[in-house]
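**Student:** Please work out how this folds:
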Amino acid sequence: MKKLIVSDIDGTLLKSDKTISEPTKKAIFDAIEAGHLFAIATGRMHGAGKTITQKLDYDGFLISCNGAVVKHLKTGEVIQAIELTPKLATQVVSICETYGAYYHLYDIDAIYASRYAHLAKKYTDEMPAQPDAYKFTVMYPESLPKLVGSFPIYKIGLFHENPETFRRLMDELRCIEGLETCKSLETSFDVMAQGVTKATGIEAIRAHYGLPIEDVITFGDNENDVDMICYAGIGVAMSNATEALKSVAKFVTRSNDEDGIVFALEQFLEES
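**Tutor:** Take a look at the predicted model:
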């Protein structure tokens, strides 16, 4: 029976040194060769997620912006693109400005950042080394709030250096009707349109191919993976995952540094 295998990136597909192990690559491509489908699900925008596929050049969909966008890596086909409304995006940006927070806005292949810092700085510094096919746009507009509504916004990421201020900022955003929020890293809080999660993106692929939910296998390690772990027929948490994620997973595999994906696929693909 054909399976849809979906993996998070950091802490799951990637080892701690940010590489993909050869056994993991082999297990994924062996699964594809056997007729199974594979996809990556990430909080990153499509352009940034695509850079990971230099190390894993698979023919399939990439789920980005925590599920808001689902785009095929080879054909460019988009089967899902759920935007934040300009009204909600403006409200989020206004709150970030009030708190003096760093924030960035994601289009499919462009990032608009409030300042040269955090994730935007990382992407900017890394861009010259990227092959042309994997480069994407990072911009720092002088009046970013005024640009809201002039381009699609699929996700807003934000951070504040002061932990207490960051907590209050997150609490305020969680109370806004019409938003989906999650903390993907200790230094990143994500805001999408209500109902958008990685599970939303996986559902778009599952429906596209007409597969039953019980044939979906997902791998994750963090808060923004909870929905897809709960959604899948087989939700797998890495042993390095948060305790909250492990508590809702069907199976806890080895860590990202111990080829946890390989270990789990050996269990569940042999059963199919």
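
**Student:** State the three-state secondary structure for S184.
**Tutor:** strand (DSSP: H, G, I helix; E, B strand; the rest coil).

**Student:** all strands for this structure, in order.
**Tutor:** 4-7, 37-41, 61-64, 69-72, 78-81, 102-106, 110-113, 137-139, 155-159, 179-185, 188-193, 216-220, 234-237, 251-252 (DSSP state E).

**Student:** For the third one, list the C-alpha coordinates in PDB.
**Tutor:** Written as PDB, here are the backbone C-alpha positions of strand 61-64 (Å, rounded to 0.1, in the frame of the first residue of the first chain):
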ATOM      1  CA  PHE A  61       5.700  18.600  -2.900                       C
ATOM      2  CA  LEU A  62       7.200  20.900  -0.300                       C
ATOM      3  CA  ILE A  63       4.900  22.100   2.500                       C
ATOM      4  CA  SER A  64       6.000  25.500   3.700                       C
END
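
**Student:** Give me the helices and strands touching it, please.
**Tutor:** With contacts taken as 3 or more C-beta pairs under 8 Å, 6 or more residues apart in numbering; DSSP states H and E, strand 61-64 sits against strand 37-41, helix 46-52, strand 69-72, helix 198-209. Every residue, glycine included, has its C-beta placed from N, CA and C.

**Student:** could you redo the last one with a cut-off of 10 Å?
**Tutor:** Here strand 61-64 touches strand 4-7, strand 37-41, helix 46-52, strand 69-72, strand 78-81, helix 198-209, going by 3 or more C-beta pairs under 10 Å, 6 or more residues apart in numbering; DSSP states H and E.

**Student:** mind checking how far that strand is from the chain centre?
**Tutor:** 8 Å (C-alpha atoms, centre = their mean, to the nearest Å).

**Student:** just how off-centre is stretch 21-28 within its chain?
**Tutor:** Distance, centroid of stretch 21-28 to centroid of chain: 20 Å (C-alpha atoms, centre = their mean).

**Student:** Dump the C-alpha coordinates for that stretch into CSV.
**Tutor:** Output of stretch 21-28 as CSV, limited to C-alpha atoms (Å, rounded to 0.1, in the frame of the first residue of the first chain):
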residue,chain,number,x,y,z
SER,A,21,22.8,11.4,7.1
GLU,A,22,23.5,9.0,4.3
PRO,A,23,21.4,6.2,5.9
THR,A,24,18.4,8.6,6.1
LYS,A,25,18.8,9.7,2.4
LYS,A,26,19.0,6.1,1.4
ALA,A,27,15.9,5.1,3.4
ILE,A,28,13.9,8.0,1.9
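
**Student:** thinking again about what came up before, got the helices and strands packed on strand 61-64 as JSON lines, with mean pLDDT and distance to D17 columns?
**Tutor:** Formatted as JSON lines, the helices and strands packed on strand 61-64 follow (pLDDT from 0 to 100; distance: least, C-beta to C-beta, whole Å):
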{"stretch": "strand 4-7", "mean pLDDT": "98", "distance to D17": "17"}
{"stretch": "strand 37-41", "mean pLDDT": "98", "distance to D17": "18"}
{"stretch": "helix 46-52", "mean pLDDT": "94", "distance to D17": "14"}
{"stretch": "strand 69-72", "mean pLDDT": "98", "distance to D17": "28"}
{"stretch": "strand 78-81", "mean pLDDT": "98", "distance to D17": "32"}
{"stretch": "helix 198-209", "mean pLDDT": "98", "distance to D17": "24"}
